[in-house]
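Enquirer: turn this into a structure:
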Amino acid sequence: QVQLVESGGGLVQAGGSLRLSCAASGRTFSNCALAWFRQAPGKSREFVAGISRRGAIYYADSVKGRFTISRDNAKKTVDLQMNSLKPEDTAVYYCAADDGVLVLTTTLTSYDYWGQGTQVTVSS
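Expert: Have a look, this model is predicted:
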């Protein structure tokens, strides 16, 4: 079992930065692929960024070059540094964990554990 709690959301102007953090509990954290998803009002939840248990990283095209994902297995955290934010980045951001897999996936249904979400609002 892995429990996930996100923090760091808020309101920021376009062009600004935010850092999201996800704290995990549970003994299998280091065996998990970790990802951030987001869901904007009226839209489906979408993959943003992910990092495998071995450190392979993948970004959605919409955030590539602006967002950076990182993990710290000792602290059991996964962070998302978001720079050059745009109004279209406005969404609830969710941390997710895919337990016991080697290959990172962008498929929402593959993830076993989810946080409660944190709101990010980017004003124009």
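Enquirer: wait, what's in contact with the residue nearest the centre of the chain?
Expert: Central residue of the chain (CA atoms, centre = their mean): residue 36, 1.9 Å from the mean position. Taking CB atoms under 8 Å, 6 or more residues apart in numbering as the criterion, residue 36 is in contact with 20, 22, 48, 49, 50, 69, 78, 80, 93, 94, 95, 96. The way it works is simple: take the backbone N, C-alpha and C, and place the C-beta from them, glycine included.
Enquirer: list the buried ones in stretch 48-60?
Expert: Buried residues in stretch 48-60, counting neighbours by 16 or more other CB atoms under 10 Å, are found at 48, 49, 50, 51, 52, 53, 58, 59, 60.
Enquirer: unless I'm mixing things up, the last one is touching residue 37, no?
Expert: No. Using CB atoms under 8 Å as the test, residue 60 is too far from residue 37 to be in contact (9.6 Å).
Enquirer: joint contacts of the two?
Expert: Shared contacts of residue 60 and residue 37, counting by CB under 8 Å, 6+ apart, come down to 46, 47, 48.
Enquirer: the second one bridge partners, please.
Expert: For residue 47, the beta-bridge partners are residue 37 (DSSP bridges).
Enquirer: and stretch 11-21, end to end?
Expert: 16 Å (CA to CA, to the nearest Å).
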